[in-house]
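# Return a 3D structure for these sequence lines:
(one chain, ligands or ions: 2)
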Amino acid sequence: MQLSELHTGERAVIAKVSGHGSFRKRLIEMGFIRGKAVRVVLNAPLKDPIEYEILGYKVSLRREEASKIEVISEEEAKIHIASEHADEALPAILDREIQDLAYERGHNIRVALVGNPNCGKTSLFNIASGSHEHVGNYSGVTVDAKEGKFEYKGYKITLVDLPGTYSLSAYSPEELYVRKNLLETPPDVVLNVVDASNIERNLYLTAQLIDMSMPVVMALNMYDELQSKGDKIDIEQLGYLLGMPVCPTVCRSSKGIPDLFDTVIEMYENHSPRVSRHIHINHGHELEQSIDRIKLLLQRDQDLRARYSTRYLAIKYLENDSNIAKIVEALPFADEVRSARDEEAARIQRLLGTNAEGAIVDAKYAFIQGALAETYTHAERPPKHTLTDKIDAIVTNKWLAFPIFIAILYLIFSATFTLGEYPMNWIDALVGWIGDLFASIMVDGWLKDLVVDGIIAGVGSVLVFLPNILILYFFISIMEDTGYMARTAFIVDKLMHHLGLHGKSFIPMVMGFGCNVPAIMATRTIESRKSRIITIALIPFMSCAGRLPIFVLLAGAFFPAHAALALLCVYCLGVVLAILSALVLKKAIKDDDLPFVMELPPYRIPTAKAIGRHTWEKGKQYLQKMATTILIASIVIWALGYYPKNDELPRSVQQEQSYLGHVGKAVAPALDPLGFDWRMDVGLITGVAAKELVVSSLGVMYAGEELEEADENDTALQSALKQTVPLPVAIAFMIFVLLYFPCIATFVAIKNETGRWSWAWGICLYTIAIAWIFAWIGKEICQMLF
Ligand code: GDP
Ligand code: MG
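Ligands and ions are numbered 1, 2, ... in the order given. Predicted coordinates:
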């Protein structure tokens, strides 16, 4: 009977817990484990929840939840005893009898066979159960469920042979039948029979079982055919990626069958057979956002939560599945869910250019493609049919992949800077014009200085980089939306594994060259926590666009003939240090490195809307940073440099005696060995707020420098620096700026994404230490050379 049927005060022993993945896990964590005694503290009819006592604790369960737990009650045991041994003293054997019955019931396993038509389900059914059901080499032979029982290693296994289906949507009666069977009378274990000689199509059904969050064991059947073709498959890895154990079988000759049922039993007993784990298929950023929104709404209904995986319902409802719609539309807050779904469906249509259903199917195939690309080796190259296959043959080719990739990156970077220069000059001119305008209309005084020198100059010096950033993000969005980015992750995956990273880490690292903040946020796509944290720790070494002006300034002043080369060296130093740091961190961080699938979506021409929106979303983050952090920082820096005010003194002396000057001098001893003067120290301190501010504050502080005659190609600031800063110190300064504290916005992003302040502080201290050491080394080497 079910736990929910017990009355107040009755005792029982748990025989079985059923239900979908996360639900079952929760019950087991609460102590509802087979063989444990449970007592009803209070079960008021029609009232929720019911209170139970288990393992000496009181817990309450909803009626719906309790109905998923099968128990043996005292009453049942008594009836059993009465019928079997009428003469024995009852109390003496009652407890033992309950336990025995629970054990027996607990050793009945219901296994449902699910698979495409013609994959060998009935063959498997016949071999295992010793039946003689008709096996046919055409589809549609099994029209309804057949049950067969057999005993294996002390378990009574009931096999249910379900009709073959390609999918579990609500299109055909077979599909509906199978799905209803799985949802309404969930088996203890789903045995997914997969035709290995036709694996790609078969895995589509598997992907849907993953959504349903069922305990699945895969029989990779027709393994003989796969082998006779000469193909190879990494079964262990495939199992890891899909989160389920995979057993090769040949149902014609009953090869692999004992191992298969050993695994089924292991799965049933929750002994986490080898590779079983709960995974989600990543449907891509936009779809996942929609799924999450609907899922959160559905989770409000506790009974629904107990009965189904809400993620599964959300996916199906988004797909506009009519049967799931009936379930959802029976909810008291159905209107809210429906309008959320309609909004999300419209958003997906707008952004991805396909309806939600189509997009979800595509995402599942991208997942399958990714999983197979990592595990399946064809004996001979399969013929290339689709455009995607043809493009992939070129861009993921052993020899061409890297050159193509590097060429694309080069194009993107150079376009970012050359195209960006025009709007950059316009914005620069506009900021200058606005500054002049305010300077002319405002009366002299501190307020005017604040507006013109503080706010407009400060924010303006950063705003000029917006075009570069938008252009970079425009290209990154194109790479993402066409599907090329997914390939780059694939190409670099092997290399990245040496660093304890994953192919997916690569994209955020490339984005780091734009701005570290969105790059750190982009690490969300990395499932493994270890890879994620290492990636986050490395991103600050990717020289962001904010650091570029400093390098341009100094490289232009000190290496006029080889500025580009100097720039390249700086960027490379960052990358090299990122790699070295990864190697260190890889050892230091606890390994939870679970493999996951890198989705390989088909190539697609992205919609202008999607590109526009993705570019804008990222650009918006940059603008927000300017409206908040940089605005406040500009005002603070301005104020610190402005006060205490003394109009008698020349500007540069006044600067030196300002609060800012004092702060700069306070940290000076720590930076002395690197040869920086107090103004450079101040620049570095302002760079903590945003790297872009280093140049603007240097500009302010060197403004009053008495100059000997200047080189006409240099700006005023460049000449000033050239005449006051020796070359080795300039090099040390560039290195220091490259590596030290990644700016406040990044610091906060690190905290948010890792969930810990300790990581943010750790990375901050680490980068400062590395910056100091390498700046010093750079200076010493340079002094030896020149
Ligand atoms: P169902 O539609 O999933 O029930 O598939 P059946 O059990 O009816 O099998 C379809 C065909 O595949 C039959 O001709 C079987 O003999 C054949 N078959 C089943 N398992 C294997 C296998 O492991 N290897 C090979 N080569 N053929 C198999
Ligand atoms: Mg059949």
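
# Make sure Arg524 is actually in contact with Thr754.
No - using CB atoms under 8 Å, Arg524 is not in contact with Thr754, being 11.4 Å away. Quick note: C-beta positions are derived from backbone N, CA and C, even for glycine.

# Neighbour count for these two, which is higher?
The neighbour count for Arg524 versus Thr754, taken as other CB atoms under 10 Å, is higher for Thr754 (20 against 12).

# remind me, longest helix of this structure?
helix 401-441 (DSSP state H).

# tell me the mean pLDDT for the next helix or strand along the chain from that one?
For helix 401-441, the succeeding helix or strand toward the C-terminus, using DSSP states H and E, is helix 446-449. In this model, helix 446-449 has a mean pLDDT of 86.

# Let me know the average pLDDT across the longest helix of the chain.
Helix 401-441 comes out at a mean pLDDT of 84.

# what helices or strands is that helix leaning on?
Judged by 3 or more CB pairs under 8 Å, 6 or more residues apart in numbering; DSSP states H and E, the packing partners of helix 401-441 are helix 387-395, helix 457-463, helix 466-482, helix 484-497.

# Could you list the residues in contact with the shortest one?
Looking back up the chat, that one is helix 457-463. The contact list for helix 457-463 (CB atoms under 8 Å, 6 or more residues apart in numbering) reads 427-428, 431-432, 434-435, 546, 626, 630-631, 633-635, 637-638, 690, 692-693, 695-696, 699-700.

# So among these, which ones count as buried?
Buried members of these, counted by 16 or more other CB atoms under 10 Å: 427, 431, 435, 546, 626, 630-631, 633-635, 637-638, 690, 692-693, 695-696, 699-700.

# Those residues in helices, which ones?
427, 431, 435, 631, 633-635, 637-638, 692-693, 695-696, 699-700.

# wait, which of those residues is closest to Ala207?
Taking CB to CB as the measure, Glu692 is the one of these closest to Ala207, at 45.4 Å.

# what's the spacing between the closest one and ligand 2?
Glu692 is 67 Å from ligand 2, where distance means CB to the ion, to the nearest Å.

# now swap in Gly435 and tell me
With CB to the ion as the criterion, Gly435 and ligand 2 are 79 Å apart.

# now swap in Leu287 and tell me
Distance from Leu287 to ligand 2, by CB to the ion: 34 Å.

# That residue sits in which helix or strand?
Judged by DSSP H and E, Leu287 forms part of helix 285-298.

# From the contact counts, what lies against the helix or strand following that helix?
Next along the chain after helix 285-298, taking DSSP H and E as the criterion, comes helix 302-307. Using 3+ CB pairs under 8 Å, 6+ apart, the elements in contact with helix 302-307 are helix 63-66.

# Alpha carbons only: can I get the very next helix or strand once past the helix it packs on in PDB?
Tracing the chain past helix 63-66, the next element assigned as helix or strand by DSSP H and E is strand 69-73. Only the C-alpha atoms of strand 69-73 are listed here, as PDB (Å, rounded to 0.1, in the frame of the first residue of the first chain):
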ATOM      1  CA  ILE A  69       6.200   5.700  -1.200                       C
ATOM      2  CA  GLU A  70       5.200   2.100  -1.100                       C
ATOM      3  CA  VAL A  71       5.100   0.600   2.400                       C
ATOM      4  CA  ILE A  72       4.200  -2.700   4.100                       C
ATOM      5  CA  SER A  73       1.800  -1.900   7.000                       C
END
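
# quick one: average pLDDT of strand 69-73?
90.

# And the helix or strand just after it, how far out from the chain middle?
Downstream of strand 69-73, the next assigned helix or strand under DSSP H and E is helix 74-84. From the chain centre to the centre of helix 74-84 is a distance of 54 Å (CA atoms, centre = their mean, to the nearest Å).

# Moving C-terminal from helix 74-84, which element do we reach first?
Downstream of helix 74-84 (by DSSP H and E), the next one is helix 90-106.

# Can you name every helix or strand that that following helix contacts?
strand 11-17, strand 69-73, helix 74-84.

# Which pLDDT value belongs to the residue positioned nearest the centre of the chain?
Residue closest to the average C-alpha location in the chain (CA atoms, centre = their mean): Thr525, at 2.3 Å. If you check Thr525, the pLDDT there is 71.

# Would you mind measuring from it to Phe506?
For Thr525, the distance to Phe506 equals 11 Å [CB to CB, to the nearest Å].

# circling back to that earlier point, in a markdown table: the helices and strands packed on helix 401-441, plus mean neighbour count.
Below are these laid out as a markdown table (neighbours: other CB atoms under 10 Å):
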| stretch | mean neighbour count |
| --- | --- |
| helix 387-395 | 14 |
| helix 457-463 | 22 |
| helix 466-482 | 21 |
| helix 484-497 | 19 |
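
# Can you lay out these as CSV showing mean pLDDT and distance to ligand 1?
Formatted as CSV, the helices and strands packed on helix 401-441 follow (pLDDT from 0 to 100; distance: least, CB to the nearest ligand atom, whole Å):
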stretch, mean pLDDT, distance to ligand 1
helix 387-395, 83, 27
helix 457-463, 74, 64
helix 466-482, 83, 38
helix 484-497, 84, 31
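
# Quick one, which of those gets closest to ligand 2.
helix 387-395 (32.1 Å; CB to the ion).

# quick one: Ser254 and Gly130 touch, right?
No - contact between Ser254 and Gly130 fails when scored by CB under 8 Å: they sit 11.2 Å apart.

# Show me which of the two is the more surrounded one.
Comparing Ser254 with Gly130 by other CB under 10 Å, the one with more neighbours is Ser254, at 15 against 10.
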